[in-house]
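>>> I would like the atomic coordinates for the input below:
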Amino acid sequence: MIQAALTSFLYGKKMSGRRIDVRSPMEILDDSYAAFNLIEGLFWIILGLVAFGVSSRIPHELRRFAHVQAANLGVFGVSDIVEALAGSFFEPGMEWLFAWKAINVILLVAAIPWYLWIRFALRPILPPASEVHEREESGVGEEK
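Model prediction:
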């Protein structure tokens, strides 16, 4: 029963009254477009995880920005994996995938002015990056 439910989930499910056929692993590897999307999705997810891990080393004022963008990179990677499994967003009935990717790209583009606003509006508050690095290496400001 669990195997049937899992097979039904992986290889075809209903979305908005339309059946979406999900490709088998061999079909994905045989299709270079799908294989590239799978690799690209893994790249974005790994990049998001690395960005999230590094965000603990940046000034507190920039952490929310870093966390939002790290999550966005991860979600963008998941959308590439969904595209590899379900097909391109150019196919009829896949408009939801196009909207998902468009929202991710808008957030990535919006990151530029958001970051610039943080850096210039909070410039008197934020210490120089070299000073933050020196404090971390020397252990100054750490609670004992």
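
>>> C-alpha from now on. contacts and neighbour counts both.
Fine.

>>> This structure: helices as residue ranges?
Along the chain, counting by DSSP state H, helices occupy 2-11, 25-30, 32-54, 60-86, 95-121, 129-138.

>>> neighbours around the residue nearest to Tyr115 when sequence neighbours are not counted, how many?
Among residues not flanking Tyr115 along the chain, Phe65 sits closest, at 7.4 Å (CA to CA, 6 or more residues apart in numbering). For Phe65, the neighbour count with other CA atoms under 10 Å is 15.

>>> Dump the helices of the chain to CSV, plus mean pLDDT.
What follows is these, written out as CSV (pLDDT from 0 to 100):
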stretch, mean pLDDT
helix 2-11, 46
helix 25-30, 64
helix 32-54, 91
helix 60-86, 90
helix 95-121, 90
helix 129-138, 60
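
>>> Just name the most buried of these.
Among the helices of the chain, helix 60-86 has the highest mean neighbour count (mean count of other CA atoms under 10 Å), at a mean of 20.
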